[in-house]
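**Student:** got a structure for you, letters missing:
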């Protein structure tokens, strides 16, 4: 099994990088907070530059596909990796769910786009395993901290752009500029222009396309087409002369499939191979993940934590009585979205149950109160997330849909007192078992 360089790198660089990490961990608590904040840009740039110098040339033969945007990044990375694999290519993938090399699971991700030289080490492992492509989820925070610097992109997918992480970046314009830095990481290789794939139905993506053209990239605009059929059990999408049926439900996943297919096609994979690879993706943990234990109603776990993403997942189950459980991912950030999320739920859900999420250092009751302000009195508040899920499942009748949003595949809830192990899907299974459906596993 391929081992992550960061967890067992046998190269001559390993002692050096471990020593750097140890020094940084030792001195950071000794630096005054204000001084540390002021020095952060230089600190992050120095680390990224070290990664570029130490690692980039050692994985230069590896082709890299980046995926960025506000929503859909993880899903598109998984679909694109599957589509490339369908064409017989060896692929590594790094996203918010997992790090894997050629289909071999390495570990769960702590961050979508990790720092501290971790991502360059992973790319080195992928190259060492003989991978043709690495598919990498790329975030605005990562770009703001120069983590994209050691990565020369052969191709990039931009899924969409909507307000998020505004407290972290200071403004929507700064957030957009952080994403634009990733576009500028596109590099020609062997005289061939890099490829930029953008969501042609998203008006914000036009600016990315313009920058890509100025950089000399081959720009592909993907538009939603009429050759798409959707229902709660999945989508049917036509890719060229080939068609694929995917159990990933919702029109947003149809677009994700089209974006991933465009990336694989740009890499030279045939349409039939693309559809074969995508059809093999039966689920993506925490992204519209269905929990099935023989219950006569739908139970879905999803990572949705913005107004747009809530609208997408709630809207997938039109025609059903919808019982929706969610909080607001990330205490201390993006407070603007809380009442808007409440408003979306009040409009689309028949029963709204608000509960805790990652509150960090903020009072979860205050977070929930801000969401509830947008529900016009429709919400029930159950602070304990397990109790909220239990209530939702107990209220479900045959044909209903229980949608648990916000946490997705996360394995812990983060609070001021520290993280607690957690899994929405596991809790749903346990509570369904208590109601007499399936096992307690």
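**Tutor:** Received it, and whenever you're ready, just let me know what you need. Computed from a predicted structure; not experimentally measured.
**Student:** might you calculate how far whichever strand or helix holds residue 427 sits from the centre of the chain?
**Tutor:** Element membership for residue 427 (DSSP states H and E) is helix 424-434. Here helix 424-434 is found 24 Å from its chain centre; the criterion is Cα atoms, centre = their mean, to the nearest Å.
**Student:** quick one: the helices in the stretch 51-200 of the chain?
**Tutor:** 73-86, 118-128, 140-144, 166-169, 172-183 (DSSP state H, counting those that start in this stretch).
**Student:** measure the residue lying closest to residue 234 once chain neighbours are set aside to residue 230 for me?
**Tutor:** By the measure of Cβ to Cβ, 6 or more residues apart in numbering, the closest residue to residue 234 outside its immediate chain neighbours is residue 247, 4.2 Å from it. The C-beta positions use only the backbone N, C-alpha and C, and glycine is treated the same way. Distance, residue 247 to residue 230, using Cβ to Cβ, to the nearest Å: 12 Å.
**Student:** go on, residue 389?
**Tutor:** 26 Å.
**Student:** residue 208 too?
**Tutor:** Residue 208 is 26 Å from residue 230, by Cβ to Cβ.
**Student:** more crowded one of these two?
**Tutor:** More crowded of residue 208 and residue 230, by other Cβ atoms under 10 Å: residue 208, with 25 against 17.
**Student:** how far off helix 172-183 does the host helix or strand of that one point, in degrees?
**Tutor:** Applying DSSP H and E as the criterion places residue 208 in helix 205-214. Between helix 205-214 and helix 172-183, the angle comes out at 40 degrees (axes from the mean of the first three to the mean of the last three Cα atoms, to 10 degrees).
**Student:** so for helix 205-214, mean pLDDT?
**Tutor:** For helix 205-214, mean pLDDT is 96.
**Student:** packing partners for that helix?
**Tutor:** strand 155-158, helix 172-183, strand 195-199, strand 218-222 (3 or more Cβ pairs under 8 Å, 6 or more residues apart in numbering; DSSP states H and E).
**Student:** list the contacts of the residue most central in space within the chain.
**Tutor:** The chain has residue 74 as the residue nearest its centroid, 3.4 Å off, counting by Cα atoms, centre = their mean. By Cβ atoms under 8 Å, 6 or more residues apart in numbering, the contact set of residue 74 is 95-97, 112, 137, 284, 287, 303.
**Student:** one more time with 7 Å
**Tutor:** Residue 74 makes contact with 95-97, 137, 284, 287 under the criterion Cβ atoms under 7 Å, 6 or more residues apart in numbering.
**Student:** got these as TSV, with pLDDT columns?
**Tutor:** Below are the contacts of residue 74 laid out as TSV (pLDDT from 0 to 100):
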residue	pLDDT
95	94
96	89
97	91
137	96
284	95
287	94
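**Student:** so which of those comes closest to residue 215?
**Tutor:** Among the contacts of residue 74, residue 137 lies closest to residue 215 (Cβ to Cβ), at 21.2 Å.
**Student:** partners of that closest one in the sheet?
**Tutor:** On the basis of DSSP bridges, residue 137 is bridged to residue 67.
**Student:** before we move on, which element is residue 347 in?
**Tutor:** Short version: residue 347 belongs to helix 337-348, going by DSSP H and E.
**Student:** shaky segments in the stretch 51-200 of the chain?
**Tutor:** 106-110, 116, 166-167 (pLDDT under 70).
**Student:** from residue 273, how far out is residue 204?
**Tutor:** Taking Cβ to Cβ, one finds residue 204 at 31 Å from residue 273.
**Student:** mind checking which of those two has more residues around it?
**Tutor:** Between residue 204 and residue 273, counted using other Cβ under 10 Å, residue 273 has the larger neighbour count: 20 against 17.
**Student:** ok, now how distant is residue 377 from residue 352?
**Tutor:** 10 Å.
**Student:** go on, residue 182?
**Tutor:** Taking Cβ to Cβ, one finds residue 182 at 36 Å from residue 352.
**Student:** likewise residue 306?
**Tutor:** Residue 306 is 17 Å from residue 352, by Cβ to Cβ.
**Student:** ok, now residue 112?
**Tutor:** For residue 112, the distance to residue 352 - Cβ to Cβ - is 29 Å.
**Student:** more neighbours, these two?
**Tutor:** residue 352 (23 against 20).
**Student:** how about that one, secondary structure?
**Tutor:** strand (DSSP: H, G, I helix; E, B strand; the rest coil).
**Student:** what residues are up against it?
**Tutor:** Here residue 352 is in contact with 324, 345-346, 375, 378-380 (Cβ under 7 Å, 6+ apart).
**Student:** which two of those residues have the greatest separation?
**Tutor:** Among the contacts of residue 352, 346 and 380 lie farthest apart (Cβ to Cβ), at 12.1 Å.
**Student:** pLDDT weak spots in the stretch 251-400 of the chain?
**Tutor:** In the stretch 251-400 of the chain, residues with pLDDT under 70: 329, 331-332.
**Student:** now the helices for it?
**Tutor:** Counting by DSSP H, counting those that start in this stretch, the helices of the stretch 251-400 of the chain are 251-266, 271-279, 307-315, 337-348, 364-372, 385-395.
**Student:** if we look at the second one, which residues are touching it?
**Tutor:** In this structure, residues lying in contact with helix 271-279 by Cβ under 7 Å, 6+ apart are 79, 82-83, 85-87, 239-246, 257, 260-261, 264-265.
**Student:** please repeat the previous calculation with a cut-off of 10 Å.
**Tutor:** 78-89, 91, 237-248, 256-257, 260-265, 267, 269-270 (Cβ atoms under 10 Å, 6 or more residues apart in numbering).
**Student:** list the buried ones in it?
**Tutor:** 271-279 (16 or more other Cβ atoms under 10 Å).
**Student:** which one of those residues is nearest to residue 144?
**Tutor:** Proximity of the buried residues of helix 271-279 to residue 144 (Cβ to Cβ) peaks at residue 278, which lies at 31.9 Å.
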